[in-house]
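Trainee: Need a 3D model of the following:
(chains A and B)
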Amino acid sequence: EAGVAQSPRYKIIEKRQSVAFWCNPISGHATLYWYQQILGQGPKLLIQFQNNGVVDDSQLPKDRFSAERLKGVDSTLKIQPAKLEDSAVYLCASSLRPVGFGNTEAFFGQGTRLTVV
Amino acid sequence: RKEVEQDPGPFNVPEGATVAFNCTYSNSASQSFFWYRQDCRKEPKLLMSVYSSGNEDGRFTAQLNRASQYISLLIRDSKLSDSATYLCVSNRQGQGNLIFGKGTKLSVKP
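Mentor: Next up, the predicted model:
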């Protein structure tokens, strides 16, 4: 079974530039998450989708971050403009249904490592 | 205060040692708990879920104490391949996402 696919794997940009990340979840997974993991920290939820609707975006810095999942499958996360503190690994995860409902497991992609200089 | 707090580590242990990780959570609405493992520069992967009755998977034992809001992971007979960061994770009732602790790094030495 194919896992969660993310691209690009690495990205280096200058501050104030924009960047976009792409995620293709496991086939059939209705729930998709974007997490930000800063070096030395645990992942922090940015946004959660259920099909193509946003369930939780309370920790998404909406002045610069945006995300969409238009057809309920692939998703993109955008940062515009980037700041130095956005340097992190951006992890996409998917699950059949929201975690906590039955024995649902979330599967993570390998992440996109963003460096803002 | 972070919702999920872990021992800061790092833990440096010899092969064959027993090592225990502790974790506390602050939100009483937390419903489900997990331990994830993250290898260097890799994605987190589920190691095991944590049940109130405690559960064991080979050399790994997880315990949950809801009264103390405390979770633990015990690794017996440590292997070199156990070297990784162990993330304590909770899920709040009615919220379908994961809340991660900072992680504890384990290095098992020959």
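
Trainee: do you know how far the residue in chain B that chain A sits nearest to is from A:Phe107?
Mentor: Shortest chain B-to-chain A distance, computed as C-beta to the nearest C-beta: residue-wise this is B:Gly96, at 2.0 Å. (C-beta placed from N, C-alpha, C; glycine too.) Noted for B:Gly96: a distance of 14 Å to A:Phe107, by C-beta to C-beta, to the nearest Å.

Trainee: do the same with A:Trp34
Mentor: Going from A:Trp34 to A:Phe107 by C-beta to C-beta gives 14 Å.

Trainee: the more surrounded of those two?
Mentor: For A:Trp34 and A:Phe107, the more surrounded residue by other C-beta atoms under 10 Å in any protein chain shown is A:Trp34, and the numbers stand at 26 against 19.

Trainee: if we can go back for a sec, can you count the residues close to the closest residue to the residue of chain B closest to chain A other than its chain neighbours?
Mentor: By the measure of C-beta to C-beta, 6 or more residues apart in numbering or on different chains, the closest residue to B:Gly96 outside its immediate chain neighbours is A:Pro98, 2.0 Å from it. Burial of A:Pro98 is recorded as 21 neighbouring residues (other C-beta under 10 Å).

Trainee: Break down chain A into its strands, ranges please.
Mentor: Under the criterion DSSP state E, chain A carries strands at the ranges A:5-7, A:10-13, A:19-24, A:31-37, A:44-50, A:53-56, A:65-68, A:75-79, A:88-95, A:107-108, A:112-116.

Trainee: so what's A:His104 up against?
Mentor: That one is not His; residue A:104 is Thr. Shown here is A:Thr104, whose contacts under the criterion C-beta atoms under 8 Å, 6 or more residues apart in numbering or on different chains are A:95-98, B:96.

Trainee: out of those residues, which are buried?
Mentor: A:95-96, A:98, B:96 (16 or more other C-beta atoms under 10 Å in any protein chain shown).

Trainee: Farthest-apart pair in those residues, please.
Mentor: In terms of C-beta to C-beta, the buried ones among the contacts of A:Thr104 reach their longest pairwise distance at A:Leu96 and B:Gly96, which sit 10.9 Å apart.

Trainee: Can you work out which residues contact both of these two?
Mentor: Where contact means C-beta under 8 Å, 6+ apart, the residues bridging A:Leu96 and B:Gly96 through contact with each are A:31, A:104.

Trainee: For B:Ser49, which non-adjacent residue is spatially closest?
Mentor: Here the nearest residue to B:Ser49 in space, its sequence neighbours aside, is B:Phe34; by C-beta to C-beta, 6+ apart that works out to 5.3 Å.

Trainee: can you tell me which residues contact the one you found?
Mentor: Counting by C-beta under 8 Å, 6+ apart, the residues that B:Phe34 touches are B:46-50, B:88-91, B:98.

Trainee: can you redo these as TSV with secondary structure, distance to A:Glu68 and pLDDT?
Mentor: Written out in TSV, the entries for the contacts of B:Phe34 read as follows (DSSP: H, G, I helix; E, B strand; the rest coil; distance: C-beta to C-beta, whole Å; pLDDT from 0 to 100):
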residue	secondary structure	distance to A:Glu68	pLDDT
B:Leu46	strand	27	95
B:Leu47	strand	32	96
B:Met48	strand	34	94
B:Ser49	strand	31	92
B:Val50	strand	34	92
B:Cys88	strand	31	96
B:Val89	strand	26	95
B:Ser90	strand	28	94
B:Asn91	strand	25	91
B:Leu98	coil	21	94
